[in-house]
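In: Can you look at this prediction? I've put the sequence above it.
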Amino acid sequence: MPNLTRRALGRAALALSLPAALLSSAVQAAGPGGMATPGLVEMPLGAYRITALLDGMAPLGRPFFFGPDEGAIDAKLAEMGLGPDLLPAPVTAYLLRSDDRTILIDAGMGEVDLLGPGFGRVAAALGAAGVAPGDVDTVILTHAHPDHLGGLVADGAVVFANAELVMAEAEAGFWLDAGMMAQAPTEAQGLFQLAQTVVEACGDRVTRVADGAEVAPGVRLILSPGHTPGHAVLRIDGGDRQLLMLADTLHSADLHTAMPDVGFGFDVDPAAAAQSRRRLFEEAASDGVLIAGSHVHFPGFGRIQRAGDAFRYVPASWL
């Protein structure tokens with residue numbers, strides 16, 4: 001394991017201890033009882049319909065973001081009126097439906113207790129959308145972090161029993177490698193163990209794919225390494241409308257567009273993550289394509305526009 005990876009995993013392990021200090025503020029901000037009903041927003045996407053499914057709100061804060069000029073990050077947050085103690089970010093999965101396909105993009109946190117209470121709402125949101133777990137024929141995993149694969153297993157059993165699990169070969173090769181796990185800091189080994197447990201539970205229904213693979217009609221998985229070695233985004237072409245699902249390319253729609261080189265606590269390779277981020281932002285801005293993200297202001301649909309030598313996020317208001 002490269003030294004950079006070990007340092008980054010150590011940072012991720014440290015980040016695991018941060019949320020507890022922030023949870024009381026997050027719960028208080030959510031109000032009594034938090035979200036009482038499932039959160040879902042649907043929009044047309046050509047041959048598909050895409051539905052944002054809110055799994056919960058992650059109580060992020062300033063310690064999760066870092067860079068060579070910490071003062072510049074503080075100044076930018078102050079300029080935008082954000083945080084710094086609480087920078088809540090949604091954890092969002094997406095349901096993609098056509099006449100003959102029911103596809104789930106990521107599955108939320110599920111029962112995993114990583115960022116405190118208030119997660120595991122994807123199943124209820126699916127129900128509200130009229131989809132039973134057995135209806136899902138494909139789950140596309142953008143990467144193997146707990147807030148994306150935790151919802152695949154409940155009470156030790158696979159939730160989407162009829163679904164094929166699709167993930168990048170590079171992602172599987174990292175998290176399922178016993179040698180990588182052995183070299184990781186002790187505090188980060190639980191991330192490996194969870195990924196291995198979930199993937200093993202899916203048995204022979206796991207399909208590993210290469211960069212650029214068409215994983216469903218009009219849906220391509222594109223590697224964007226850095227956040228994890230096999231982190232992937234999805235290009236969805238519904239015919240008359242396209243969407244770029246950016247997954248964890250950004251964890252603060254406001255800060256990461258304004259300062260694309262800012263690192264995030266769970267980035268395995270922050271420099272590579274920043275490089276991927278800038279490349280994808282440039283493509284999205286050039287094409288004017290609709291984007292969605294796992295941690296973008298719910299429901300996560302919007303566009304990336306250029307702003308000087310950086311970018312800005314503009315939420316879609318025409319859903």
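Out: Thanks, I have the structure now.

In: Looking at the spatially closest residue to P84 that is not a sequence neighbour now. What's its pLDDT?
Out: Nearest-residue entry for P84: R62, 3.7 Å, with adjacent residues in sequence omitted and distances by Cβ to Cβ, 6 or more residues apart in numbering. Bear in mind the C-beta positions are built from the backbone N, C-alpha and C, glycine included. Looking at R62, its pLDDT stands at 94.

In: what number of residues lie near R62?
Out: R62 is flanked by 19 other residues according to other Cβ atoms under 10 Å.

In: That one and A310: what is the separation?
Out: In this view, R62 and A310 are 19 Å apart by Cβ to Cβ, to the nearest Å.

In: just V158 next, same as before
Out: Noted for V158: a distance of 42 Å to A310, by Cβ to Cβ.

In: Look at the two and report which has more neighbours.
Out: A direct count of neighbours by other Cβ under 10 Å for V158 and A310 places V158 higher, at 18 against 15.

In: pretty sure the more buried one is touching C202, no?
Out: Yes - counting by Cβ atoms under 8 Å, V158 touches C202, with 6.0 Å between them.

In: anything in contact with each of those two?
Out: Applying Cβ atoms under 8 Å, 6 or more residues apart in numbering, one finds that V158 and C202 are jointly contacted by L152.

In: so who does G300 touch?
Out: Contacts of G300 (Cβ under 8 Å, 6+ apart): 52, 90, 92, 94, 292-294.

In: ugh, wrong one, L176
Out: Applying Cβ under 8 Å, 6+ apart to L176 gives the contacts 195-196, 199.

In: Kindly recompute the last result at 6 Å.
Out: Residues in contact with L176 (Cβ atoms under 6 Å, 6 or more residues apart in numbering) are Q196.

In: Start and end of stretch 181-196, how far apart?
Out: 10 Å (Cα to Cα, to the nearest Å).

In: Stretch 246-264 now?
Out: 15 Å.

In: What of stretch 133-144?
Out: With Cα to Cα as the measure, stretch 133-144 spans 20 Å from end to end.

In: could you pull out the strands for the stretch 51-200 of the chain?
Out: For the stretch 51-200 of the chain, the strands defined by DSSP state E, counting those that start in this stretch occupy 65-66, 89-97, 102-105, 138-140, 153-154, 157-158, 164-168.

In: Next, format these as CSV and append mean pLDDT and distance to G130.
Out: Below are those laid out as CSV (pLDDT from 0 to 100; distance: least, Cβ to Cβ, whole Å):
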stretch, mean pLDDT, distance to G130
strand 65-66, 96, 38
strand 89-97, 97, 10
strand 102-105, 98, 10
strand 138-140, 98, 18
strand 153-154, 95, 20
strand 157-158, 96, 21
strand 164-168, 98, 21
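
In: want to throw those into TSV with distance to G265?
Out: Shown next, in TSV, are the strands of the stretch 51-200 of the chain (distance: least, Cβ to Cβ, whole Å):
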stretch	distance to G265
strand 65-66	7
strand 89-97	12
strand 102-105	23
strand 138-140	25
strand 153-154	25
strand 157-158	30
strand 164-168	22
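
In: So for A213, which of the ones you listed sits nearest?
Out: Closest to A213 of the strands of the stretch 51-200 of the chain is strand 164-168 (Cβ to Cβ; 8.3 Å).

In: For that closest one, give me every contacting residue.
Out: Residues outside strand 164-168 that contact it (Cβ under 6 Å, 6+ apart) are 138-141, 202, 205-207, 215, 230, 232.

In: Could you do stretch 146-154 as well?
Out: Applying Cβ under 6 Å, 6+ apart, the contact partners of stretch 146-154 are 91, 106-112, 114, 122, 141, 159, 194, 198, 201.
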